[in-house]
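Enquirer: here's a sequence, model it:
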Amino acid sequence: MTAAVAKSVLARSTAHSIVEASPRTKAFAGTLVILYAVITILPLLWIVATAFKSQSDAIAYPPKVIFEPTLEGYVNLFTVRTRQTPDFIAKLPPPQTWYDKLVRKHDMVIAGPSKVVPRFVNSLIIGFGSTFLAVFLGTLAAYA
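Expert: Okay, the predicted model is just below:
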């Protein structure tokens with residue numbers, strides 16, 4: 001009889017582990033992690049989607065979720081465009097590249113490259129330089 005009681009007590013004690021989570025707790029934790037990941041990634045997906053919207057779609061209210069993707073924003077970023085009269089554009093040779101075609105749809109021509117790359121390099125130099133200077137001076141002050 002004591003062996004049967006010991007076996008029964010042993011069976012009851014291993015039925016529930018204090019250390020290991022139950023399957024229901026694991027499923028709840030997994031659901032929370034997935035929900036958090038989706039909520040966290042949505043703004044980043046929205047930013048990426050907006051990068052491929054036209055200017056009117058990007059500022060539309062209510063926001064457009066379904067749109068026709070375009071690279072117009074990148075053409076605006078990396079080139080300087082000027083508005084021209086339809087007569088001037090008609091005298092030009094036909095557009096050679098996809099971005100020339102895109103710009104001419106808006107009665108514009110590309111005047112040259114933009115200054116975004118040199119300005120970005122200047123920002124990087126200032127950012128890294130000020131960080132280095134702050135760490136260097138902070139280290140000297142800490143030793144003092």
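Enquirer: do you know the pLDDT at the residue most central in space within the chain?
Expert: Centroid check for the chain by CA atoms, centre = their mean gives residue 44 as the closest residue, at 3.7 Å. pLDDT recorded at residue 44 is 95.
Enquirer: other SSEs contacting the helix or strand hosting it?
Expert: Secondary structure assignment for residue 44, by DSSP states H and E: helix 23-51. Contacting helix 23-51 under the criterion 3 or more CB pairs under 8 Å, 6 or more residues apart in numbering; DSSP states H and E is no other helix or strand. Any C-beta I mention is one placed from the backbone N, CA and C, and that applies to glycine too.
Enquirer: following that helix, which helix or strand comes up?
Expert: Of the helices and strands lying after helix 23-51 in sequence (DSSP H and E), the nearest is helix 55-58.
Enquirer: what helices or strands is the next helix or strand after that next one leaning on?
Expert: Stepping forward along the backbone from helix 55-58, the first helix or strand reached (DSSP H and E) is helix 72-78. Using 3+ CB pairs under 8 Å, 6+ apart as the contact test, the elements touching helix 72-78 are helix 55-58, helix 98-104, helix 116-143.
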